[in-house]
Structures are given as structure tokens and as C-alpha cells.
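> task: produce atomic coordinates for the following.
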Amino acid sequence: MNESVSRIALTPAAARLLRQLRAKHGPLMFHQSGGCCDGSSPMCYPRGEFRTGGSDVLLAELTVEEVEEPVGFWMSAEQFERWRHTHLTVDVVPGRGSGFSLEAPEGVRFLIRSRLLTDEEARLLDGRGREAPVPGSRPS
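Residues are numbered from 1 along each chain as shown. So this is what the prediction gives:
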């Protein structure tokens, strides 16, 4: 099985911003709600500040070079069911996003770029436990 197949990735710009935010705020996490505020923009918080529960799934623990701990990327289970066939890439663009996300004061905002998974990627991902998350799941 190809271990490089995943549901989510970071652009180099997003990784650079996460390093800056980690230096200021400590360990980080993302939550993708698909709801209010910035719509479907991923929201970055200090790890644990946004409370996840049984209606959320952990898509990945993202590794960021020069950041000691992984950055969890959570999504509402309902939204995951609609997006499970897509690969998501976290990127950064100029402009002010929601006031709730840590990057807002920096004059930039995180956003999601997506593409459909190939048939092979979908087959590999749906065959893995952690890559096909269930509500409330956490990495083992």
C-alpha cells in the first residue's frame, strides 16, 4: 500500500504560516466546519481550544517541518460524508478571513483547494482505518 496517499496536504506557504503561528501560540489544530463565519475555510486554533466531539472526525495529524508536534485536522462528520471523495490542500491567500482563526491578524487566511481522489486513491484510503475516519475518531 502506498503510504503517501492521503486525504489532506499543506502547501509550502501554509506550512510556513503554521511554523509562525506555532511559535506565537503553541501547539495547533484545524477544524473544518463548513458552516458559519468563513463558510468552508479551515479554522486554525491553539490545540484543544476548539472542542471536538462525536460529530467530528480527525482526517489527519499533519506533519510540519520544524514543528515538534503534528497539527490535527478535524472536520464535521456530516461535511466529511460530502467531501470523502476529495483530496484537500490547505493553502494561504492574502486577505482577512474570520476573526476566530489564528491567522486573521496576519493579513492572510487559510483556504482549502480540492480535487477529486483518483479511483486508486479512494480504494487505498477507504481500506485504511484512520484515513476513513469515523465520528469522534482519534489517531491510535
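
> CA atoms for contacts and neighbours, from now on please.
Fine.

> is it correct that Leu17 falls within a helix?
Yes: according to DSSP: H, G, I helix; E, B strand; the rest coil, Leu17 belongs to a helix.

> what residues are up against it?
Glu103 (C-alpha atoms under 8 Å, 6 or more residues apart in numbering).

> what distance do you get for it to Glu65?
12 Å (C-alpha to C-alpha, to the nearest Å).

> repeat that for Thr89.
From Thr89 to Glu65 the distance is 16 Å (C-alpha to C-alpha).

> between the two, which is the more surrounded one?
Comparing Thr89 with Glu65 by other C-alpha atoms under 10 Å, the one with more neighbours is Thr89, at 16 against 13.

> wouldn't that one be in contact with Arg113 here?
Yes: if you go by C-alpha atoms under 8 Å, Thr89 and Arg113 touch, sitting 5.1 Å apart.

> show me what contacts the most centrally placed residue in the chain?
By C-alpha atoms, centre = their mean, the chain has its centre lying nearest to Phe73, at 3.4 Å. Contact partners of Phe73, counting by C-alpha under 8 Å, 6+ apart, are Met29, Phe30, His31, Gln32, Leu58, Leu59, Ala60, Glu61, Leu62.

> report pLDDT for Arg84.
The model reports Arg84 with a pLDDT of 91.
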